[in-house]
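J.: Predicted model, plus sequence, below.
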Amino acid sequence: MCYVQPMRLLCLAVAVALTSPVALLADQEVPDDPSRSTAYTIGAGDVLRVEAFTHDEISGSFAVEVDGEISFPLLGRVRVEGSTTSEIGRRLEALLEKDYYVDVQLQVEVEEFRSQPVTVLGEVARPGTFYLEGQTSLHAILAEAGGIKTTAGSSIELRRLQSEPDDGTPVVRVFPTEGVRSGEVGRDVVLQPGDVVSVSAKQQYFITGEISQPGQYDLSPGMTLMQAISQSGGLGKFASQTIEIHRGGNGEKEIMTFDLSHIRKGRNPDPTIEAGDVLIVRRRFF
């Protein structure tokens, strides 16, 4: 009993603490943290490693087959698809203790992640198929692919099949390459199995002839002929007003001729440049 007034307050505080929901959490199971690898759900293709303490006869590696099951000693076929490693461990322990062991303790881990593929294409160091090992961001998967190459273009595309409605129509999201490269974009974009990430290549054009700075230049979206000339330093001293655009390949090259004086005066539209175009500024004859 509490006879002193200050002690009465202390006893009341202790009683409240012992019966509060916060105190009761100590006796409850804490759910898996979705950002941890333990929240990874097993699928067909994964390989599990099961270690049984003091029972080597049931320890080993077990591949998850296409039906989502493993073949486990004594138990036969056991379904594991869609479960976490901790859930699988508890399930196996319960089944083993039901008919074979008094007490068994298992540790279940993913030995090989093979069920959640993501494809990375384009201008990365190591394009190919990668496998998610839990919650993985767009930024992280590009780092796993060796990083974005200097030849990358201005955009990165994430293509994902819709689940609702299930009509096979892909959802496409586009992210700026420089934002992803710096880490300002993509860290909060969580990937899903089956996603395809494509890093575009730089689009460029070539310009030669009577131009101040002939060479190869990056092509920005919607760039026109006049803008391309300006980007390459302007016309040379002996340039004529005639310029050719050579476009296409595989034996189907197209040559278009333009008069720059007509474009400046608004008589003709300023044509748009395409990737791979070769611009030739002709020399004027006196």
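T.: Good, I have the coordinates.
J.: contacting residues around residue 258?
T.: Shown in contact with residue 258 (Cβ atoms under 8 Å, 6 or more residues apart in numbering): 225, 242-245, 268, 271. In short, each C-beta sits where N, CA and C put it, glycine included.
J.: Likewise for residue 70?
T.: Per Cβ under 8 Å, 6+ apart, neighbours of residue 70: 48, 62-64, 77-78, 80.
J.: Tell me the bridge partners for it.
T.: Following DSSP bridges, residue 70 is listed with bridge partners residue 78.
J.: Report pLDDT for it.
T.: Here, the pLDDT recorded for residue 70 equals 98.
J.: Walking through the stretch 51-200 of the chain, point out its strands one by one.
T.: Ranges of strands within the stretch 51-200 of the chain are 60-63, 69-72, 76-79, 106-112, 117-122, 128-131, 152-161, 170-176, 196-201, based on DSSP state E, counting those that start in this stretch.
J.: What residues of stretch 130-142 count as buried?
T.: Using 16 or more other Cβ atoms under 10 Å as the burial criterion, the residues of stretch 130-142 that qualify are 130-132, 136, 138-142.
J.: now, the most widely separated pair of those?
T.: 131 and 139 (17.2 Å; Cβ to Cβ).
J.: Quote the end-to-end distance of stretch 195-213.
T.: Taking Cα to Cα, to the nearest Å as the measure, stretch 195-213 stretches 42 Å from start to finish.
J.: ok so, going back, export the strands of the stretch 51-200 of the chain to a markdown table and tack on distance to residue 40?
T.: A markdown table is the format used below for the strands of the stretch 51-200 of the chain (distance: least, Cβ to Cβ, whole Å):
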| stretch | distance to residue 40 |
| --- | --- |
| strand 60-63 | 16 |
| strand 69-72 | 16 |
| strand 76-79 | 17 |
| strand 106-112 | 7 |
| strand 117-122 | 14 |
| strand 128-131 | 11 |
| strand 152-161 | 19 |
| strand 170-176 | 24 |
| strand 196-201 | 20 |
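J.: Between those, which one is closest to residue 98.
T.: With Cβ to Cβ as the yardstick, what comes closest out of those is strand 76-79 (12.6 Å).
J.: in the stretch 151-286 of the chain, which ranges drop under the pLDDT threshold?
T.: 163-168, 249-251, 286 (pLDDT under 70).
J.: do that again at 50, thanks
T.: Along the stretch 151-286 of the chain, the model assigns pLDDT under 50 to no residue.
J.: And the helices in the stretch 151-286 of the chain, which stretches?
T.: Applying DSSP state H, counting those that start in this stretch to the stretch 151-286 of the chain gives helices spanning 177-182, 225-231, 260-264.
J.: Tell me which of the ones you listed sits most buried.
T.: Stretch with highest mean neighbour count among those: helix 225-231 (a mean of 18; mean count of other Cβ atoms under 10 Å).
J.: Domain ranges for the protein, per the record?
T.: Following automatic domain parsing, the chain resolves into domains at 1-29, 31-111, 117-201, 204-283.
J.: Narrow the contacts of residue 70 to those that are buried.
T.: Buried among the contacts of residue 70 (16+ other Cβ under 10 Å): 48, 62, 64, 80.
J.: In terms of distance to residue 160, which of those residues ranks first?
T.: residue 64 (23.8 Å).
J.: and the closest residue to that closest one other than its chain neighbours, backbone torsions?
T.: The spatial neighbour of residue 64 that comes closest, neighbours along the chain excluded (Cβ to Cβ, 6 or more residues apart in numbering), is residue 46 at 4.7 Å. Backbone torsions of residue 46, given as degrees, to the nearest 10, read phi -70, psi 160.
J.: go on, residue 266?
T.: phi 80, psi 10.
J.: same check, this time on the one 3 residues further on
T.: Backbone dihedrals for residue 269, given as degrees, to the nearest 10, come out at phi -70, psi 150.
J.: That one touches residue 263, doesn't it?
T.: Yes - with contact defined as Cβ atoms under 8 Å, residue 269 counts as touching residue 263 (7.4 Å).
J.: Quick check: residue 139 vs residue 186, distance?
T.: Plainly put, residue 139 is 4 Å away from residue 186 if you go by Cβ to Cβ, to the nearest Å.
J.: Now do the shared contacts for those two.
T.: In contact with both residue 139 and residue 186: residue 180, using Cβ under 8 Å, 6+ apart.
J.: Next one: the residue nearest to residue 64 relative to residue 230, how far apart?
T.: Taking Cβ to Cβ, one finds residue 46 at 56 Å from residue 230.
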